[in-house]
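> Predicted structure and sequence below. I'll ask about it afterward.
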Amino acid sequence: MRRGPLALAASLTLLPISGAHAHAIGPAVQQATNWTAIGMFAAFVALTLAITRWAARRTRTVSDFYTAGGGITGFQNGLAIAGDFMSAASFLGISAQIYADGYDGLIYSIGFLVGWPILLFLMAERLRNLGRFTFADVASFRFAQTPVRMVAACSTLLVVLFYLIAQMVGAGQLIRLLFGLPYGYAVVIVGVLMTMYVLFGGMTATTWVQIVKAMMLLGAASFMAIAVLARFGFSPEALFARAVEVKTALAALAGAGPDEAVAKGRAIMGPGGFIKDPVSAISIGAALMFGTAGLPHILMRFFTVPNAKAARSSVLWATGWIGYFYILTFVIGFGAIVLVATDPGFLEADGALRGGSNMAAIHLAQAVGGNLFLGFISAVAFATILAVVAGLTLSGASAVSHDLYATVIKKGQADSASELRVSRVTVFVLAVVAILLGILFEKQNVAFMVSLAFALAASANFPVLLLSLLWSGCTTRGVVAGGLVGLLTALVLTILSPAIWVTVLGHAAPIFPYGSPTIFSMPLAFLTIWLVSITDRSGRAAVDKAGYPAQRIRSETGIGASGALDH
Amino acid sequence: MEDAAARLARDPRYVALVRRRGRFTTVLTVIMLVVYFGFVLTIAFDKALLARSVSGGATSWGIPVGLGVIALAIVLTGLYVWRANRDFDPVIDALGREYGA
């Protein structure tokens, strides 16, 4: 079973192999670097496998598997959330975007942060008070279980798959550069390791891998940002001024006239092409902001803490770490303009970054910290991918085993052992699918792939959760119809948008011109839930509405929760 | 249990808690939405505005404004946690003791 995807991976990457080998033939220094990176990565893998072994002994029930028994503290969960959220797409993709376009990368990263306060104000505590393992527990609290769970499981799996693709692509590009290995091998290595963490260690192993990774990433990024600033006497103004100079010189070199070159250099300090028009602006903003509050693997983290108070403090810790991280990423991106774009050793003959457009931060690591630090940052970036994919896989697996198998198929009568078995089989299947899709989407921009996942989360999960929590008139039919409409609209519009219709499918022009579907799909989901609910005269609708007062009390206070929830 | 829930729903402390917390989270949510979408729409309608130099150097207005939005997200989150710990939790704990947590 395991040889199948490996062989397929190898055959699919025959062409990239030759390209990767061409890159690997470089100065001898590059070769030495590879061994440092491999050694540090091996040390990280050894540590995380030891954690997994320890966690495996503590993973006996479904509650251990899905939520680490609910025994994670607020501070630990905050770090784990940060580790779950600061993906390779954030670190490599956003620093690469800043390297290419400057300020646009900051606009993008701000969008990733502003969803956290919203998630805290509207949802975090209510989720903890109502749910047990998955966000579908909360969304379906007073509704008919089967239809609501099925919709929630579908959207969970789609969001998880899109997000996984982005991580897999990042892993493949990274390892091709650092180890000279074919793209497909790296994707398979990530797939196998994440399977081991989740399969044996469940949420306990996943949480601790995320915590270790968050500390490594924050430490390494802090070092890089400080090293960059130190070269400019800790004056951001001096760093920005030099970056503008470099971009101006590069533009002149590329054949721009003097005035045009100055304008191009100056352009990195202001908004560029990322936000094109007001419609795209609101659409992308809404996807990032409300998507955060609808990501299943993030929402799942709120069930790992003992109570609403801990859920609350985990969001504060997470927001602080993530905000700090994006500031570091901004400095790192500008550092790369100054130190990487000016060094022919990091560039191809045509001026493009060696190893692909997402490698700006990796090259900067070598520029400021030498080969040893390059090895460390490579291991960190790989660790980042592993931590994120483990969380995603666990969330996807819980949607299948808890929502579909235990609740829909077994009507809540599944025993713990068989639910665990289904969960583990799903982990394995998801890993194989993720590997194949990671190879299929090799050429996509990883940061952009993540925004697709956010659009789905904002359009399907967020409206369903929000209205089921806050609106007493909401009914089963309403959330099912609204969830499906949001999901399908976001999905279809995304397929018709430039990112897939033109780039992947090769059509000349997109049918849907905007970068994100959310400005249409999210309001449409809200509208559908409302319209279908108010016209719903079924007997079930009466039950749904009658269930609201009890749900409200429990969501606001947690009273009535502990009896049902203590494991 | 049904009785206790019905009594709790009418308890003035519970009613006041839900109202106060609802008002507080609504205000915080609106601030975050207005600031963030204001930021994004400012860029959409006038790209040059945030590209303008702060004091003649390379640093543009976009830098302090962008960092300000990041800081605001963290501050609003902290504000909510601070008030919830100080103000809302004691009420919830008292209600929990009385009505069975």
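Arrived safely, thanks for sending.

> Residues of the stretch 301-450 of chain A that sit close to chain B?
Counting by Cβ under 8 Å from any Cβ of the partner chain, the residues of the stretch 301-450 of chain A close to chain B are A:309, A:312-313, A:315-316, A:319-320, A:323, A:326-327. (C-beta placed from N, C-alpha, C; glycine too.)

> Tell me which of the residues you listed fall in helices.
When DSSP state H defines the helices, the subset of these inside them is A:309, A:312-313, A:315-316, A:319-320, A:323, A:326-327.

> I'd like these laid out as TSV, including pLDDT and distance to A:Val62.
TSV is the format used below for those (pLDDT from 0 to 100; distance: Cβ to Cβ, whole Å):
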residue	pLDDT	distance to A:Val62
A:Lys309	93	25
A:Arg312	95	26
A:Ser313	95	26
A:Val315	96	25
A:Leu316	97	29
A:Thr319	97	30
A:Gly320	97	32
A:Gly323	96	34
A:Tyr326	96	35
A:Ile327	96	39
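
> Which of those residues ranks first by neighbour count?
When neighbours are taken as other Cβ atoms under 10 Å in any protein chain shown, the top entry among those is A:Thr319 (28 neighbours).

> which residues does the residue in chain B positioned nearest to chain A contact?
In chain B, the residue that lies nearest chain A is B:Ala51 (2.3 Å; Cβ to the nearest Cβ). B:Ala51 sits next to A:103, A:266-267, A:269-271, B:60-62 when contact means Cβ atoms under 8 Å, 6 or more residues apart in numbering or on different chains.

> ok, for A:Ala286, nearest residue in space, not its chain neighbours?
Once flanking residues are discounted, A:Ala286 sits nearest to A:Thr518: 4.5 Å by Cβ to Cβ, 6 or more residues apart in numbering or on different chains.

> Tell me the confidence at the one you found?
The model reports A:Thr518 with a pLDDT of 94.

> re earlier: out of the ones in helices among the residues of the stretch 301-450 of chain A next to chain B, which is nearest to A:Thr557?
Within these, distances to A:Thr557 taken as Cβ to Cβ reach their minimum at A:Lys309, with 11.9 Å.

> The closest residue to chain B within the stretch 351-500 of chain A and A:Thr61, how far apart?
For the stretch 351-500 of chain A, the residue closest to chain B is A:Leu470, as judged by Cβ to the nearest Cβ, at 9.4 Å. From A:Leu470 over to A:Thr61 the distance is 32 Å, taken as Cβ to Cβ, to the nearest Å.

> spatially speaking, which residue is in the middle of chain B?
By Cα atoms, centre = their mean, the mean C-alpha position of chain B lies nearest to B:Leu28, the distance being 3.0 Å.

> pretty sure that one contacts B:Gly78?
No. In this structure, B:Leu28 is not within contact of B:Gly78 by Cβ atoms under 8 Å, at 10.9 Å.

> Kindly report the residues of the stretch 151-300 of chain A close to chain B.
Residues of the stretch 151-300 of chain A lying close to chain B by Cβ under 8 Å from any Cβ are A:236-237, A:240-241, A:243-244, A:266-267, A:269-272, A:275-278, A:280-282, A:284-285, A:289.

> ChimeraX command to pick out the buried ones of those?
Selection of the buried residues among those in ChimeraX, burial being defined by 16 or more other Cβ atoms under 10 Å in any protein chain shown:
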select /A:236,240,241,243,244,266,267,269,270,271,272,275,280,281,282,284,285,289
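
> worst-scoring helix or strand of chain A, pLDDT-wise?
Every helix and strand of chain A was ranked by mean pLDDT, DSSP states H and E. The lowest is helix A:14-24, at a mean of 29.

> who does the helix or strand following that one touch, helix- and strand-wise?
Per DSSP states H and E, the first helix or strand lying C-terminal to helix A:14-24 is helix A:28-57. On a contact count with 3 or more Cβ pairs under 8 Å, 6 or more residues apart in numbering or on different chains; DSSP states H and E, helix A:28-57 meets helix A:145-179, helix A:183-230, helix A:360-398.

> now helix A:28-57, how far from the centre of its chain.
The chain centre lies 22 Å from the centre of helix A:28-57; the measure is Cα atoms, centre = their mean, to the nearest Å.

> Much appreciated, bye for now.
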